[in-house]
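*Asks:* Turn this into a structure:
(2 chains)
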Amino acid sequence: MELFLQTLANALIQSGTYALASAGLALAVGVLHIVNFAHGEFLMVGAFVAYWLSVLAGIDPIASLVPAGAVMFAASGAIYHASIRRVLLAPELNALLLTFGIGITLQNLAILVFGATPRVVHTAYQLTVVTLGPVSVGVAPLVTLVVSVTLLAGMYAVLYRTGVGKSIRAVAQNRTGAHLVGLDVDRIYLLTFGIASALAAIAGSMVLVRIGASPHMGFGFVLKAFAIIVMAGLGNLTGVLWASLVLATAEAFVRTYVPGGGGAAEAVFFLLIFFTLVWRSWRTA
Amino acid sequence: MAGTEGMAQREQVRIGISLPLTGPASASGKAAEAGYRLALDEINKAGGVLGRRLQIFIEDDGNLPAKAVPIFTKFVTVDRVHAITGIFGSAVGVSIVGPAKLHEPLIAMLGAASPLVERGFEGYKYLFHYHPWAYHNMEAVFSFMEFVRTGTGASTIAMLYEDGPFGSAGIGDTRAELIKRGFDVPFMESFKSGSGDFTALLSRAKRHPVDVLFWIGFDADALPIAVQSREVGFKPRLIFGTPASWPVGYEGNPVARDVAGMAGWTSASPLPASKEFVKKYQAKYGGLTEEYMAPMGFVTLTTLAAAMNKAGTTDRDRVAAELARTDADTPLGKLRFKPSRLSPSVYQGFDSDLWMVFQFREGRRVPVWPKSMAAGPLAWRWR
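*Replies:* Predicted coordinates for the structure are as follows:
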């Protein structure tokens, strides 16, 4: 029972990280209708921004989520103007290849500038653990979970309670219709892409404490995020939380209860994508 | 190549160096490059090789066979080098077996661990392999574990290993050997390196009251294992990992305190040749290194140049004969070549004696084993 409860706790904690890493991708897919394969590298940039702020200015990685998000918000504006907006109306493959290329470029730039060796920070709460009966969890991932839920709730509020959110939803539903009623579609796309990229960077600054920063860290996250948005339904922001919990729980239980599950757990996201698509096609058949 | 430039080049002694300066192994490659360049300065300041200036050609193979093979061929056919060195990693080592047997250059190989490389070079007379093979590495691990058991009474080990070629090669034999030596291994599990989530595996390991957590993986796994062990309340008395390199900043992290690792060298080594190397390294680069590929690169080039000077020629056979007689005190310890265990035609330099175990303490790597190298006792209180 103790192991079962600890596994559930591990899954809950990990789902916070996954939700944070997936929220931006869900937004980009839902509004811009592009699968941004550079999303993982945006997360990596956020981790490095937080790392350098910690090393050079002594700023805590959790406090760095604001500057990391701001840096990526600004950088993504440049990326959007230089490349993304040119493929929004092109066949989907163009956007896939473009964002994949942006990801590779960012990864190699990071290797050139910082080297391939991971970098780690240290914080006082890295060693702090909360124990509840037989279950113990770290404070750092607990904070990540809280930040994740707060940000997703905030985003939901913005999308459904504000004028900007209404505009974003209008553009997501019907680009042409939104344009006809006078909305600046290009500006909404720019804003949405910026928010999505900033969310990735925030996720990067949050995972820094537990796993460090390295040029290669993004790819694994983007694969998991892809599985989550497929499960949630493309563009369904509210579904990201439960889909993250499903993926994290499935992985934790495979790692814990399946012999050899430590290696096999990395295939769980792929199986979930497969079964989700089969289930969806069966439902609509 | 222009005619005059070609003549000038022929007057120099030329060595080709293939290194992973980019890609996942670049930390080791760049460290080796620093060692090579330090050796080059020293050799040329002392009059060069055979009274001529030593020239090196450094190429980035990215630790990729597809890049390493053309680089190797270029060294032989275009640069017309007198010897080839560098060559780091098993995949690259295996890939050059064919071109090496075709052109038969003198090779002073920095290091590959897989016995596949050793077997591939069976019958080749011009390979001098400096780094220990994988079985040497495991012999050092077993000796260290014996030291832990006799010193502390520890006898139970949990093993985590990455499921790629590095971590899983011979893992079953490793476990069997530990059990044969009287250890209990109640928990052994693979993981995907870089996944970052060890909580489930560590929660399972927690159910077994083990003394030692022994993990085989990469630098990206070092922080998550130490942090998440604490998060789930897993408290072995010693965490011992064997990645090829460690993350930047790990030393200074309180999480890393008393985590043990294996290294071919540390800057705290008490060997006189090591202290001299550290002094020279600091003078040239203005800082310290903890990467053992730095002294390894230094040793490879200096011993190769010394063999050429002793031979009085760059003739491959005569240089190889001199290199085979190498008996040098190096920063990494005594270097003597002997026939390799699986392929006796191959000359093998360092063996299990190269390795030492250190613990992270006060932001430094403190050697704790073997006794001859220890700068402090083994701390047995990770929790």
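
*Asks:* which residues does B:Val49 contact?
*Replies:* Contact analysis of B:Val49 by CB atoms under 8 Å, 6 or more residues apart in numbering or on different chains lists B:Val13, B:Ile43, B:Ala305, B:Met308, B:Asn309, B:Thr314. For glycine as for every other residue, the C-beta is placed from the backbone atoms N, C-alpha and C.

*Asks:* Please enumerate the strands of the stretch 101-250 of chain B.
*Replies:* Secondary structure of the stretch 101-250 of chain B (DSSP state E, counting those that start in this stretch): strands located at B:107-111, B:127-129, B:156-162, B:184-191, B:212-216, B:238-241.

*Asks:* quick one: B:Gly264 from chain A, how far?
*Replies:* Plainly put, B:Gly264 is 17 Å away from chain A if you go by CB to the nearest CB, to the nearest Å.

*Asks:* Tell me which helix or strand comes right after the helix or strand of chain B with the lowest mean pLDDT.
*Replies:* Across the helices and strands of chain B, mean confidence by mean pLDDT, DSSP states H and E is lowest for helix B:3-10: a mean of 46. Of the helices and strands lying after helix B:3-10 in sequence (DSSP states H and E), the nearest is strand B:13-19.

*Asks:* What strands line up against that next one, and which way round?
*Replies:* Taking DSSP bridges as the criterion, strand B:13-19 forms sheet pairs with strand B:54-60 (parallel), strand B:83-88 (parallel).

*Asks:* Determine the set of other helices and strands touching the next helix or strand along the chain from the first one.
*Replies:* What it means is strand B:54-60. As assigned by DSSP H and E, the chain's next helix or strand after strand B:54-60 is helix B:65-77. Under the contact criterion of 3 or more CB pairs under 8 Å, 6 or more residues apart in numbering or on different chains; DSSP states H and E, helix B:65-77 touches strand B:13-19, strand B:54-60, strand B:83-88, helix B:90-95, helix B:97-103.

*Asks:* can I get the CA coordinates of helix B:65-77 in PDB?
*Replies:* The C-alpha coordinates for helix B:65-77 follow below in PDB (Å, rounded to 0.1, in the frame of the first residue of the first chain):
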ATOM      1  CA  PRO B  65      31.500   7.100 -37.300                       C
ATOM      2  CA  ALA B  66      30.200   8.800 -40.400                       C
ATOM      3  CA  LYS B  67      32.500  11.800 -39.700                       C
ATOM      4  CA  ALA B  68      35.400   9.800 -38.100                       C
ATOM      5  CA  VAL B  69      36.100   7.600 -41.100                       C
ATOM      6  CA  PRO B  70      36.600  10.400 -43.700                       C
ATOM      7  CA  ILE B  71      38.700  12.300 -41.100                       C
ATOM      8  CA  PHE B  72      40.900   9.300 -40.600                       C
ATOM      9  CA  THR B  73      41.300   8.800 -44.300                       C
ATOM     10  CA  LYS B  74      42.100  12.400 -44.800                       C
ATOM     11  CA  PHE B  75      44.800  12.300 -42.200                       C
ATOM     12  CA  VAL B  76      46.500   9.400 -44.100                       C
ATOM     13  CA  THR B  77      45.900  10.400 -47.700                       C
END
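
*Asks:* What residues sit buried inside that helix?
*Replies:* Neighbour counts over helix B:65-77 (16 or more other CB atoms under 10 Å in any protein chain shown) mark B:Lys67, B:Ala68, B:Val69, B:Ile71, B:Phe72, B:Phe75, B:Val76 as buried.

*Asks:* I'd like to check the angle between it and strand B:13-19, please.
*Replies:* 180 degrees (axes from the mean of the first three to the mean of the last three CA atoms, to 10 degrees).

*Asks:* angle of helix B:65-77 against strand B:107-111?
*Replies:* If you take the same axes, to 10 degrees, helix B:65-77 sits at 150 degrees to strand B:107-111.

*Asks:* what's in contact with helix B:65-77?
*Replies:* Under CB under 8 Å, 6+ apart, the answer for helix B:65-77 is B:16, B:18, B:57, B:59-61, B:81, B:84, B:87, B:91-92, B:94-96, B:98-100, B:103, B:105.

*Asks:* switch to 10 Å and redo it
*Replies:* B:14-20, B:22-23, B:57-62, B:64, B:79, B:81, B:83-89, B:91-96, B:98-100, B:102-105, B:107 (CB atoms under 10 Å, 6 or more residues apart in numbering or on different chains).

*Asks:* re earlier: which one of the strands paired with strand B:13-19 has the most crowded surroundings?
*Replies:* Highest mean neighbour count among these (mean count of other CB atoms under 10 Å in any protein chain shown): strand B:83-88, with a mean of 28.

*Asks:* so who does residue 253 touch?
*Replies:* Just so you know, I chose chain A. Contacts of A:Phe253 (CB under 10 Å, 6+ apart): A:Phe4, A:Thr7, A:Leu8, A:Asn10, A:Ala11, A:Gly261, A:Ala265, A:Val268, B:Ala200.

*Asks:* That was the other one, I meant chain B.
*Replies:* Contact analysis of B:Asn253 by CB under 10 Å, 6+ apart lists A:120-123, A:126-127, A:212, B:222-223, B:226-227, B:247, B:259, B:360, B:363.

*Asks:* again with A:Ser22
*Replies:* A:Ser22 neighbours (CB under 10 Å, 6+ apart): A:15, A:39, A:148, A:152, A:199-200, A:203, A:221-222, A:224-229, A:231-232, A:237, A:239-241, A:243-244, A:247.

*Asks:* same thing with A:Glu41?
*Replies:* A:99, A:102-110, A:200, A:204, A:215-219, A:221-222.

*Asks:* For the stretch 201-350 of chain B, give the residue positioned nearest to chain A.
*Replies:* B:Glu231 (3.5 Å; CB to the nearest CB).

*Asks:* Which ones among the contacts of A:Glu41 also lie next to chain B?
*Replies:* Among the contacts of A:Glu41, proximity to chain B is found for A:Asn108, A:Pro215, A:His216, A:Met217, A:Phe219, A:Phe221 (CB under 10 Å from any CB of the partner chain).

*Asks:* before we move on, the earlier item: quick one: mark the members of the contacts of A:Glu41 that sit in strands.
*Replies:* Among the contacts of A:Glu41, no residue falls in strands (DSSP state E).

*Asks:* Separate out the buried members of those.
*Replies:* A:99, A:102-103, A:106-107, A:110, A:200, A:204, A:215-219, A:221-222.

*Asks:* of those, closest to A:Leu142?
*Replies:* Nearest to A:Leu142 among the buried ones among the contacts of A:Glu41: A:Gly204, at 18.2 Å, using CB to CB.

*Asks:* wait, doesn't that closest one sit right on A:Val49?
*Replies:* Yes. In this structure, A:Gly204 is within contact of A:Val49 by CB atoms under 10 Å, at 7.6 Å.

*Asks:* give me the number of residues near the closest residue in space to B:Ala200 that isn't next to it in sequence?
*Replies:* Distances taken as CB to CB, 6 or more residues apart in numbering or on different chains put A:Arg255 closest to B:Ala200, at 3.3 Å, once the chain neighbours are dropped. The tally of other residues near A:Arg255 (other CB atoms under 10 Å in any protein chain shown) stands at 30.

*Asks:* re the thing from before, would you list the strands paired with strand B:13-19 in JSON lines and tack on mean pLDDT?
*Replies:* Formatted as JSON lines, the strands paired with strand B:13-19 follow (pLDDT from 0 to 100):
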{"stretch": "strand B:54-60", "mean pLDDT": "96"}
{"stretch": "strand B:83-88", "mean pLDDT": "96"}
